[in-house]
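> got a structure for you, letters missing:
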């Protein structure tokens, strides 16, 4: 397990915003796309979003499309997830994740890294 990979989680009210950061330098294996997955206790891990390593193509799960925006800073080797209009159902532990399938990365194999960062959306 890699430490200090993710940051930026916290407690926010519904409708609020948070920005998560992922230190991409922690990813040592080749990948197609880097981004985020999330886990709610008792549920299956969900792929949320990723940005491709080559052309910067962006992918989003339907559940976050239009609300979340992924970006990267190549100089800092960091990937960001801007989360707006947060809902209680977005509450989860968010983990940096590498995806390997070019055709449909959010549905393919992946590895998640680090301890994750807790996002709690509650009034």
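Everything's here; your move. Predicted, not measured: the structure shown is a model, and the values here were computed from it.
> Centroid-nearest residue for the chain?
When CA atoms, centre = their mean is applied to the chain, the residue found nearest the centroid is residue 36 (2.0 Å).
> mind checking the SS state of the residue nearest to that residue when sequence neighbours are not counted?
Ranked by CB to CB, 6 or more residues apart in numbering and with sequence neighbours excluded, the top spatial neighbour of residue 36 is residue 48, at 4.5 Å. All C-beta atoms are positioned from the backbone trio N, CA, C, and that covers glycine. When classified by DSSP: H, G, I helix; E, B strand; the rest coil, residue 48 comes out as strand.
> how about the strands in this protein?
For the chain, applying DSSP state E gives strands covering 6-7, 10-12, 18-23, 33-39, 46-52, 58-60, 68-73, 78-83, 92-99, 110-121.
> Redo the ones you listed as a markdown table? Include mean pLDDT.
Below are the strands of the chain laid out as a markdown table (pLDDT from 0 to 100):
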| stretch | mean pLDDT |
| --- | --- |
| strand 6-7 | 90 |
| strand 10-12 | 97 |
| strand 18-23 | 94 |
| strand 33-39 | 95 |
| strand 46-52 | 96 |
| strand 58-60 | 97 |
| strand 68-73 | 96 |
| strand 78-83 | 96 |
| strand 92-99 | 95 |
| strand 110-121 | 91 |
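> State the distance from residue 86 to residue 104.
Here the criterion is CB to CB, to the nearest Å. By it, residue 86 lies 26 Å from residue 104.
> same thing with residue 59?
When distance is defined by CB to CB, residue 59 is 8 Å away from residue 104.
> Comparing the two, which residue is more hemmed in?
In this comparison of residue 59 against residue 104, neighbours counted by other CB atoms under 10 Å, the higher total goes to residue 59 at 19 against 9.
> Surely that one and residue 35 touch.
Yes. Between residue 59 and residue 35 there is a contact at 7.4 Å, judged by CB atoms under 8 Å.
> Next, show the common contact partners of those two.
Both residue 59 and residue 35 are in contact with 49-51, where contact means CB atoms under 8 Å, 6 or more residues apart in numbering.
> now, among the residues you listed, which is nearest to residue 29?
In terms of CB to CB, no member of these lies closer to residue 29 than residue 50, at 14.6 Å.
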